[in-house]
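Sequence and predicted model, in that order:
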Amino acid sequence: MIETFATQRLIAEKLRHDHLPDLTALHLDPEVSLYLGGVRSPEASRAYLDVNLGHWDRHGFGLWALKMSDGAFAGRAGIRPLVIEETPEIEIAYTFRRAVWGQGLATEIAEALTVLALGPLGLPSLVGVVMTPHSASRNVLEKCGYHLERGVLHHGAECVVYRRYALAA
């Protein structure tokens with residue numbers, strides 16, 4: 001279980017109950033939540049945290065809280081299961097506070113998570129599911145070597161699925 005790791009500018013720590021205030025603030029921002037299915041109430045953020053903590057207990061990986069080197073909360077990111085068109089997959093996910101958008105942090109964490117998932121965790125591939133008009137997130141995945149696989153209807157929204165495979169040994 002990898003509870004913490006760092007990139008050049010971010011410190012990732014396994015989600016904990018004390019991250020709830022930061023997650024709630026993140027989920028209450030309508031611009032941040034635009035491509036995440038909408039704003040989440042504090043109660044929904046608490047339930048979200050509980051589900052993700054349970055995932056850690058079952059799988060030994062999940063979502064990490066992201067902090068800047070000065071300790072300021074930056075967002076959340078991780079790898080987690082999801083089902084796309086009745087097929088189980090493992091997804092890469094990342095979400096940042098608006099205050100840190102445009103600094104390349106999503107690409108930085110996406111690459112780190114991809115290396116972690118396809119390397120030490122031994123996953124065969126990862127998918128990124130992005131609402132079709134979310135060009136910034138699509139660009140992140142493309143920069144990190146993911147390839148557009150197909151369009152899907154996911155949770156009632158038009159999305160695209162990107163995939164990156166582990167390199168053959």
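Structure received. Numbers count the residues shown, from 1 in each chain.

what residue ranges in this structure score low on pLDDT?
Residue ranges of the chain with pLDDT under 70: 168-169.

what about the strands in it?
Here the chain has its strands, by DSSP state E, at 4-6, 10-14, 63-68, 73-84, 87-96, 125-131, 147-154, 157-165.

looking at these, which is closest to Y35?
Ranking the strands of the chain by their distance to Y35 (criterion: CB to CB) puts strand 125-131 first, at 4.7 Å. Every C-beta, even on glycine, is put in place using the N, C-alpha and C of the backbone.

before we move on, back to that, single out the most deeply packed of the strands of the chain.
Highest mean neighbour count among the strands of the chain (mean count of other CB atoms under 10 Å): strand 63-68, with a mean of 23.

what distance separates it from the centre of its chain?
In terms of CA atoms, centre = their mean, to the nearest Å, the centre of strand 63-68 is found 10 Å from the chain centre.

go on, stretch 33-45?
The gap between where stretch 33-45 is centred and where its chain is centred comes out at 14 Å by CA atoms, centre = their mean.

in that stretch, what counts as buried?
Of the residues in stretch 33-45, those scored as buried under the neighbour-count criterion (16 or more other CB atoms under 10 Å) are Y35, R40, S45.
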